[in-house]
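1. Here is my input; please provide its structure:
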Amino acid sequence: MRPTLLVLATLAGAALAANPASAQSSDTHKGFYGSVGVGYGGQTTSLTLPDGDNGGSVSSQETTWYGQVGLGVKPQWAFGVEFNYMKSGCGTCGGDVHITNSFYSAAATYYPSAKDNFFVKLNLGYAQNQVAFSGASSDTEGGFAAGLGFGYDWAMGAGGFIIKPFANYLTQVSSATYSGGGSVSGDKGRAQLLQVGIGFGYKH
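-> Now for the predicted structure:
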């Protein structure tokens, strides 16, 4: 997926070079915001067998996605909802097996300075992990999740459009038992997701 990262970096560099004013900070972070992003990520699914033994973990790397909307209510705080997603092959599982990690969360974003666009972010919500096998069978489990992130809102002139370099780490705090009809039914799983990429959005 290195070409994906190269394309993203090229787009961001071209946009910033074409508009040096984009690096200027905003006076406030109040108002509506929304963005979508794509990048490169790694996900891990930790398995616990029904007898309590650690079944190990499965890791993979692939394109990852996110989307968020929210509202800035104070000069340094914004609150919204966010969706983070990654689907990849299982690697060591063998056969046509895919793993999908999805995170649905509330996001609290803090800007250390009211006049700076750098931010840190806390996510709290729900994680879902699905293991899909060749054919129609799949197993799904989910549980409470939390995450941390940081990034920067590059303002593209005065129109409200932004480019958002970002990094997110989300983890399922509580494991849950898979249900479905595949070969991991009865096992417990816990999802983790690391994202690095670029978002495109709008702030009003």
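
2. In the one helix or strand residue 197 maps to, which residues are buried?
-> For residue 197, the host element (DSSP states H and E) is strand 188-203. For strand 188-203, a neighbour-count test (16 or more other Cβ atoms under 10 Å) marks 188-201, 203 as buried. For the C-beta atoms, the positions are set from N, CA and C on the backbone; glycine is no exception.

3. what two of the residues you listed are the furthest from one another?
-> 188 and 203 (40.5 Å; Cβ to Cβ).

4. partner residues bridging residue 195?
-> Residue 195 has these beta-bridge partners by DSSP bridges: residue 41, residue 168.

5. buried sites along stretch 160-178?
-> So stretch 160-178, judged by 16+ other Cβ under 10 Å, has buried residues 161-166, 168-172, 175-176, 178.

6. Show me which of the buried residues of strand 188-203 is closest to residue 117.
-> For these, the nearest to residue 117 is residue 203 (9.5 Å; Cβ to Cβ).

7. Which residue would you name as the spatial centre of this protein?
-> Nearest to the mean C-alpha position of the chain, counting by Cα atoms, centre = their mean, stands residue 84 at 3.6 Å.

8. And for stretch 105-124, what's in contact with it?
-> 25-29, 68, 70, 75-82, 84, 103, 125-126, 145-155, 168, 170 (Cβ atoms under 8 Å, 6 or more residues apart in numbering).

9. which stretch of helix or strand covers residue 80?
-> strand 77-89.

10. Quick one: work out the angle between that strand and strand 188-203.
-> On the basis of axes from the mean of the first three to the mean of the last three Cα atoms, to 10 degrees, strand 77-89 is oriented at 130 degrees to strand 188-203.

11. As PDB, could you dump the C-alpha coordinates of the strand holding residue 197?
-> What follows is strand 188-203, C-alpha atoms only, in PDB (Å, rounded to 0.1, in the frame of the first residue of the first chain):
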ATOM      1  CA  LYS A 188     -13.200 -14.400  22.700                       C
ATOM      2  CA  GLY A 189     -11.700 -11.600  20.700                       C
ATOM      3  CA  ARG A 190     -10.300  -8.100  21.200                       C
ATOM      4  CA  ALA A 191      -9.700  -5.600  18.300                       C
ATOM      5  CA  GLN A 192      -7.000  -3.000  18.000                       C
ATOM      6  CA  LEU A 193      -6.500  -0.500  15.100                       C
ATOM      7  CA  LEU A 194      -3.600   2.000  14.300                       C
ATOM      8  CA  GLN A 195      -4.300   4.600  11.600                       C
ATOM      9  CA  VAL A 196      -2.000   7.100   9.900                       C
ATOM     10  CA  GLY A 197      -3.300   9.200   7.000                       C
ATOM     11  CA  ILE A 198      -4.900  12.300   5.600                       C
ATOM     12  CA  GLY A 199      -8.400  13.600   6.000                       C
ATOM     13  CA  PHE A 200     -10.300  16.200   3.900                       C
ATOM     14  CA  GLY A 201     -13.000  18.200   5.500                       C
ATOM     15  CA  TYR A 202     -14.900  21.400   6.300                       C
ATOM     16  CA  LYS A 203     -15.000  23.700   9.300                       C
END
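
12. Adjacent strands (with direction) for the next helix or strand after the strand holding residue 80?
-> Using DSSP H and E, the helix or strand that follows strand 77-89 in sequence is strand 98-110. With DSSP bridges as the test, strand 98-110 is paired with strand 77-89 (antiparallel), strand 118-132 (antiparallel).
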